[in-house]
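*Asks:* Only the shape, not the letters, is given here:
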Ligand SMILES: Nc1ncnc2c1ncn2[C@@H]1O[C@H](COP(=O)(O)OP(=O)(O)OP(=O)(O)O)[C@@H](O)[C@H]1O
């Protein structure tokens, strides 16, 4: 019932605000009244307005008892502009951005910020980047066709451009090895696994490498890859993590492989981040069963494209909202803070123009041998 009344009221407020040509400040003040964001007859009082090139920030003293309230989301429709509402130090902050995000930002509009730093997207306040040396593991969620694969390929492209000789990829391409097939020819790609057996074998190889690196770090009394001056970083990309969940239709052998995979992925999540192993865990079905609690607890960076439900959004980014993302490539990026971003777009053509020079020549005998070693783990 509340919802119906709220919906009608919101529609009326939006209609009224448009009709009366009020200033932004007046529209906000009217909205407080109309949605009942008041205590008795006391309403929030504006005490500071700060304008910048990207937004205007209105700060309010509020009567005791009022905090930030989901009802205030209606402001976005009233003002027809992006609005961010927050409540800090007993004050209400309403940030009204001057313009909406575009639906497409080309990859070349982002800079190279450092070896292990990758672009995540444009926000209302500018570009956002992610440093894999600060936060090693990332969950990338999103229903099919909303931008997950473009994003994963973009990350790979950027990391290869920044570190052609220092980055290694181990890819579990569990949707029939379709999304990353061509990448098997890149010198930076050490393994592409397309089924459970190949995945378990690729991950066993990663586990061995972790054990070796751990021994080395202990021997020089270093705590992490940076301190030990290890120049290489190894990225384990999983697309689609949902495929690694054992189910009834699998053979016993495959069930064992998926269990082994889960075990090693947990190990990577728990102990290997700081020694140079980074996990990018992609899924279109973020459910409690698929997002293992160990992995979730250790993957402190989350990117979510549009999802089917707010429950899925809650699992992926610990908050609703991903179910409302409006366009392809739009995502919620969450670490300590959260942002709405439009992720960089890069076409396949541009990817290969940028990193095609690192493809082994399939016609050479030596390269055929390398490719064979790279692809087949069974
Ligand atoms: N960052 C972006 N900006 C603008 N458009 C995008 C962006 N990313 C993807 N798109 C558009 O969305 C389409 C689908 O993207 P993508 O293939 O990455 O989806 P997906 O979620 O990975 O699907 P699947 O999981 O089925 O592979 C792209 O072909 C492109 O047209």
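*Replies:* That came through, no problem. Remember, it's a predicted structure, so these values are computed and weren't measured experimentally. Numbering: from 1, shown residues only.

*Asks:* Would you mind finding the longest helix in this structure?
*Replies:* helix 196-219 (DSSP state H).

*Asks:* what does the next helix-or-strand element following that helix rub up against?
*Replies:* Downstream of helix 196-219, the first helix or strand assigned by DSSP states H and E is strand 233-239. Residues from elsewhere that reach strand 233-239, judged by CB atoms under 8 Å, 6 or more residues apart in numbering: 116, 132-133, 148-149, 152, 156, 159, 163, 166-175, 179-180, 190, 203, 206, 209, 225, 244, 265, 268, 276-283. Any C-beta I mention is one placed from the backbone N, CA and C, and that applies to glycine too.

*Asks:* just checking, which of those residues belong to strands?
*Replies:* Among the contacts of strand 233-239, the members falling in strands are 167-173, 190, 277-283 (criterion: DSSP state E).

*Asks:* If we check the ligand, which of the contacts of strand 233-239 are in contact?
*Replies:* Here is what survives when these are matched to the ligand using CB under 6 Å from any ligand atom: 148, 149, 179.

*Asks:* Next, the contact list for the first one, please.
*Replies:* Applying CB under 8 Å, 6+ apart, one finds that residue 148 lies in contact with 140, 141, 142, 239, 282, 284, 305.

*Asks:* for the third one, what are its contacts?
*Replies:* Contacts of residue 142 were listed using CB under 8 Å, 6+ apart, and they are 148, 284, 304, 305, 306, 307, 322, 331.

*Asks:* By pLDDT, rank these and give me the bottom one.
*Replies:* Among the contacts of residue 142, residue 284 has the lowest pLDDT, at 92.

*Asks:* just wondering, since we're on that residue, how far is it from the ligand?
*Replies:* 6 Å (CB to the nearest ligand atom, to the nearest Å).

*Asks:* pLDDT value on the spatially closest residue to residue 151 that is not a sequence neighbour, please?
*Replies:* Among residues not flanking residue 151 along the chain, residue 343 sits closest, at 5.2 Å (CB to CB, 6 or more residues apart in numbering). pLDDT, residue 343: 98.

*Asks:* Also residue 287?
*Replies:* Here, the pLDDT recorded for residue 287 equals 86.

*Asks:* do residue 8 as well
*Replies:* Reported pLDDT for residue 8: 61.

*Asks:* same check, this time on residue 337
*Replies:* Reported pLDDT for residue 337: 88.

*Asks:* quick one on the thing from earlier: got a PyMOL select line for the buried ones in the contacts of strand 233-239?
*Replies:* Selection of buried members from these for PyMOL, criterion 16 or more other CB atoms under 10 Å:
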select buried, resi 116+132+133+148+149+152+156+159+163+166+167+168+169+170+171+172+173+174+175+179+180+190+203+206+209+225+244+265+268+276+277+278+279+280+281+282+283
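
*Asks:* From residue 339, how far off is the residue in the chain sticking out farthest from the centre?
*Replies:* Distance from the C-alpha centroid of the chain peaks at residue 41, with 43.2 Å (CA atoms, centre = their mean). Taking CB to CB, to the nearest Å as the measure, residue 41 falls 37 Å from residue 339.

*Asks:* Alongside the ligand, which residues does the chain contribute?
*Replies:* Counting by CB under 6 Å from any ligand atom, the chain sits next to the ligand at 104, 142, 144-150, 179, 284, 328-329, 343-345.

*Asks:* mind running it again at 8 Å?
*Replies:* 103-105, 121, 142-154, 175, 179, 239-240, 284, 305, 327-330, 342-346 (CB under 8 Å from any ligand atom).

*Asks:* out of those residues, which are buried?
*Replies:* Using 16+ other CB under 10 Å, the buried ones in those are 105, 121, 142-143, 146-154, 175, 179, 239-240, 284, 305, 328-330, 342-346.

*Asks:* and residue 106, how many neighbours?
*Replies:* For residue 106, the neighbour count with other CB atoms under 10 Å is 11.
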